[in-house]
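Sequence and predicted structure are below.
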Amino acid sequence: MFTDERVTKINEMNLSPETEVTLTYSECTDCGLNDSEVEQGLEHLSVVREFAEMVTTRGMNFTDTSGGSIIEALVEKKLIGQDTVEEWRASDEDEGEWFGEVITEAINDNFYDQECVESDITRFGVKRGEIELSTTLVTTVGDVLENNPLLSGWKVTVPLHGGTFTL
């Protein structure tokens with residue numbers, strides 16, 4: 001079985017299983033400044049898809065930076081139904097990939113109603129700028145080591161010796 005390089009490094013750090021791991025994924029692209037910057041970002045960037053794939057990784061428990069469950073937040077905002085979550089949880093691991101697509105579509109269609117993926121627009125002039133989409137998830141060392149998620153492209157931060165260590 002393939003082990004992600006970052007998971008291997010976390011394992012080598014010998015941290016407590018309860019230690020928080022913060023995952024951040026961000027991308028940016030040039031955009032026209034015409035009140036459709038977010039739509040341009042959603043069309044050209046993979047942040048929402050990466051977010052959805054990560055939060056649907058079997059066995060992982062992801063929270064936001066305030067400690068709230070990501071999946072439950074999506075249900076509370078009525079972006080996905082509780083029945084859909086239960087169907088995903090009951091499905092076979094190989095049959096559950098559709099749930100990531102449901103989350104991706106829900107966020108893309110209701111971007112301004114969710115708080116999982118953030119946008120930041122930088123203006124270069126009157127007509128041109130750049131949009132950055134980003135997401136931050138929190139889990140534990142134990143979940144990462146047990147489930148071996150694919151962390152490629154994610155910035156991984158763990159507390160270490162009174163500071164932080166970023167992979």
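Structure received.

contact partners of the helix or strand in which residue 103 is found?
Element membership for residue 103 (DSSP states H and E) is helix 98-109. With contact meaning Cβ atoms under 8 Å, 6 or more residues apart in numbering, helix 98-109 is reached by 42, 48-49, 51-53, 55-56, 74, 79-80, 84, 88, 91, 114, 116-117. All C-beta atoms are positioned from the backbone trio N, CA, C, and that covers glycine.

Would you mark the buried spots in it?
Within helix 98-109, the residues scored as buried using 16 or more other Cβ atoms under 10 Å are 99-100, 102-104, 106-108.

Likewise for stretch 115-129?
116-117, 119, 129.

What residues are bridge-paired with residue 26?
Listed by DSSP bridges, the beta-bridge partners for residue 26 are residue 134.

can you pull out the strands in this structure?
In the chain, the segments counted as strands under DSSP state E are 20-32, 117-123, 128-140, 155-160, 163-166.

which non-adjacent residue is nearest the spatially most central residue of the chain?
Against the mean C-alpha coordinate of the chain, by Cα atoms, centre = their mean, the closest residue is residue 51 at 3.0 Å. Distances taken as Cβ to Cβ, 6 or more residues apart in numbering place residue 135 nearest to residue 51, at 4.5 Å, with adjacent residues excluded.

The one you found: how many residues sit nearby?
Residues lying near residue 135 (other Cβ atoms under 10 Å) number 22.

For it, which residues are in contact?
For residue 135, the contact set (Cβ under 8 Å, 6+ apart) comprises 24-26, 47, 50-51, 116-118.

so which of the buried residues of helix 98-109 comes closest to residue 154?
residue 100 (15.4 Å; Cβ to Cβ).

Taking strand 128-140 as reference, get the angle to the helix holding residue 103.
Orientation check (axes from the mean of the first three to the mean of the last three Cα atoms, to 10 degrees): helix 98-109 against strand 128-140 gives 140 degrees.

from the middle of its chain, how far away would helix 98-109 be?
12 Å (Cα atoms, centre = their mean, to the nearest Å).
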